[in-house]
Structure formats: structure tokens, C-alpha cells
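Q: can't give you the sequence, but here's the structure:
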């Protein structure tokens, strides 16, 4: 019988749900390899994965220590960040760190296979990177003739977005983080044809602290 190996955060609800699914099927529980153990080099995949294993890479969410480590891989000073519930921290740097981690995992998988260890991966690391990069994922869908909504490329500012919307006659758009998942930071923005009246609906809470704008994910939809 194949053994399941889950790379994830032990207390993450998705890990718990996967373990419950295995139990319902009468299968033994998966071996859970914590992200923090791999990030700190306390464990190494080459010592864990065995022939015939099925590896699942689970969400790294719901653990601030893991989030901070990923951001630190993309921006070293991030290791000093303090936890604030729901706060959106540096998504681009997080993706850079997550990318570094997953590419190293891909290399470990390749080394294991070259050494003769035959195993399977439910969700390959490079596929996960594509899914978290919305621009790359959108482009890949277009190139393979999959239906996706049109998008504006090269938008660098709020003013530039409004200018393009006026030029194209587009009154409503979704604004999303380039790197992320679970609709984190998404904004439904609309304005009239002249750009005079505008509003945004979003699950993001905007707070100003000492003159700095700080964003938090919230379960409540807000209108600005």
C-alpha cells in the first residue's frame, strides 16, 4: 500500500481534512512534514520520501511563523515582523521566498528520482508556482485557448488604472494581487464614464496608522 506524505503545517485545517478523508477510506494517516522543519533544515526530503510514496504539498497558510520565513527568503529583514491577525504582508516578497523554497523542493524530487526512488507527487512544485502567479497563469490559459477574462497589462498605479479604464470605456474591473490565493486582497472597483464618481467593494480593511496605510484581510465586505 502506498504511503501518503503531506508537506504542510500540522495544525492547518486542510491537513486535518485530508487526514480525515484517509481515515474514512480506511487508509493509514499520512506522514506530515512541517514546513518549518524543512525551512530550518531540521528535516530533509531525501531522508523522508520512500519508494511508492504519494507526496502532497499542502497550503502553507494559517501559520505566521511559516509566512514570515517565506517573506524572509525574499527580504531578510522580514524575520523581525510581528504577528498581526489578518494583516497583508508583502505578497511579492512572500512569493519570491515561496518560489525559492518550491524550486529547492523540485530539485530534491529530481535528485531522489535520479537516485532510483520511485514516488509520485499530487501537485508538482512548479505547477503551484504558476497557480500563485496570476499573470503567468492568465497568460498560460490564453496560450492554450482557455477562456479567461481580458486583462490590463503593465498597470503600475491607481492613476494609470483609471486612465486605461477611461480610454477603453471599461467601467468595472477586478483588482487582484499579482501573487496570492484565496481571493486575498481582491477589490471590485467601478467608476462612471468620466472618472468623477467611483467606489470599491472589497474584503480588505484599510487602516491608517501613523500616516501609513495598512491592509487587513477581513470576512466583512466593505464599500469605499
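A: Noted; the coordinates are in hand. Nothing here was measured: the structure is a model prediction, and the numbers come from that model.
Q: Look up the closest residue to the residue of the chain most remote from its centre, ignoring the ones flanking it.
A: Farthest-out residue of the chain from its mean C-alpha position, per Cα atoms, centre = their mean: residue 194, at 35.7 Å. For residue 194, ignoring the flanking residues on the chain, the nearest one in space by Cβ to Cβ, 6 or more residues apart in numbering is residue 166 at 7.6 Å. To be clear about C-beta, it is placed using only N, CA and C from the backbone, and glycine gets the same treatment.
Q: ok, now how distant is the one you found from residue 120?
A: Residue 166 sits 51 Å away from residue 120, going by Cβ to Cβ, to the nearest Å.
Q: With neighbour numbers in mind, choose between the two.
A: Taking neighbours as other Cβ atoms under 10 Å, residue 166 and residue 120 compare with residue 166 leading, 15 against 11.
Q: Which residues belonging to the host helix or strand of that one are considered buried?
A: In this assignment (DSSP states H and E), residue 166 forms part of helix 158-168. Using 16 or more other Cβ atoms under 10 Å as the burial criterion, the residues of helix 158-168 that qualify are 161, 165.
Q: Use 10 as the first number from now on
A: OK, 10 is where the count begins now, so the last one is helix 167-177.
Q: In terms of secondary structure, what does whichever helix or strand comes after it contact?
A: Later in the chain than helix 167-177, the nearest helix or strand by DSSP H and E is strand 181-184. Judged by 3 or more Cβ pairs under 8 Å, 6 or more residues apart in numbering; DSSP states H and E, strand 181-184 is in contact with helix 167-177, strand 196-200.
Q: wait, which of these is closest to residue 19?
A: When the helices and strands packed on strand 181-184 are compared by Cβ to Cβ, strand 196-200 sits nearest residue 19, at 33.3 Å.
Q: element containing residue 146, please.
A: helix 143-152.
Q: ugh, wrong one, I meant residue 65
A: Counting by DSSP H and E, residue 65 is found in strand 63-66.
Q: In contact with residue 19, which residues?
A: 41, 43 (Cβ atoms under 8 Å, 6 or more residues apart in numbering).
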